[in-house]
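# the following block contains a protein sequence and its predicted model.
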Amino acid sequence: MQWQPSLAAGANGALFASWYDGREVNGGADLNCTAGLSTQNCYRRWGRISTDNGVTWQADDMVGRALSPLAAQPQPNTQPMYQGDYDYHSTDNNTTIGGWTDGRVIISGQSQQDVFVNRVPLVTIPCTPGWSAGGVMPSVSVRNAGVFFPADSNFYAMGGRSADTAGNEFTHPFKYNTATNIWGTQAATYPDAQVNNMACGVLTDAGTPYIYCV
């Protein structure tokens with residue numbers, strides 16, 4: 001179910017359409033949500049962009065960052081259960097700015113209607129010099145900690161496992177060579193097998209940079 005759309009026009013034929021959308025719950029069918037029930041997610045704000053006056057449209061995507069229950073409005077002198085009657089978006093050059101209401105904030109056990117705002121760019125930003133496939137890692141891996149090491153301008157995958165079960169811990173770091181697009185296994189050995197879910201960073205000791213993991 002979709003309702004309460006909003007349409008904004010930007011420069012050079014750019015358009016942004018947004019709406020409330022229930023596709024993520026109950027198979028997209030009307031859930032007949034209970035107002036104020038904080039445990040029952042109902043909808044999210046979605047939108048999509050056209051850069052050619054609506055001739056073609058990009059794939060629709062999430063605008064709101066959270067699924068929301070149907071908000072109640074328990075304050076006195078406020079109309080209950082109004083949702084999005086006056087939502088609208090505006091544009092500032094190639095950016096659209098707009099608000100909507102949802103009930104993700106829980107107050108006194110009820111989903112509270114609050115206003116949220118997002119900024120959406122209406123232009124396609126080119127990737128320069130471009131994208132290309134990365135090299136193949138030495139092993140299928142999970143729970144690695146990625147670190148960029150400025151001293152040699154390469155990336156390192158620290159710790160992790162070859163499968164998401166104990167006993168599959170890696171014993172050596174992996175290095176991605178940014179010049180050759182090749183991954184390799186380093187000779188260094190971890191001091192123990194406690195390498196799952198580490199946090200890693202670069203620290204300098206006496207002028208020498210090291211990768212530290214905890």
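Everything's here; your move. Numbering: from 1, shown residues only.

# for G159, which non-adjacent residue is spatially closest?
Leaving out its chain neighbours, the residue that sits closest to G159 by CB to CB, 6 or more residues apart in numbering is V195, at 3.3 Å. Just so you know, the C-beta spots here come from the backbone N, C-alpha and C atoms, and that holds for glycine as well.

# try M137
Using CB to CB, 6+ apart, the closest residue to M137 is W183 (4.8 Å).

# again, but for G28
Nearest non-adjacent residue to G28, counting by CB to CB, 6+ apart: G22, 6.0 Å away.

# now the nearest residue to E169 once chain neighbours are set aside: how far from L37?
Leaving aside its sequence neighbours, E169 sits nearest to A193 (CB to CB, 6+ apart; 4.6 Å). Using CB to CB, to the nearest Å, A193 is found at 46 Å from L37.

# likewise Y86?
For Y86 relative to L37 (CB to CB), the value is 24 Å.

# now do D192
Counting by CB to CB, the separation of D192 from L37 is 48 Å.

# neighbour count for these two, which is higher?
L37 (16 against 8; other CB atoms under 10 Å).

# ok so, going back, and for the residue nearest to E169, the neighbour number?
Neighbours of A193 under the rule other CB under 10 Å: 14.
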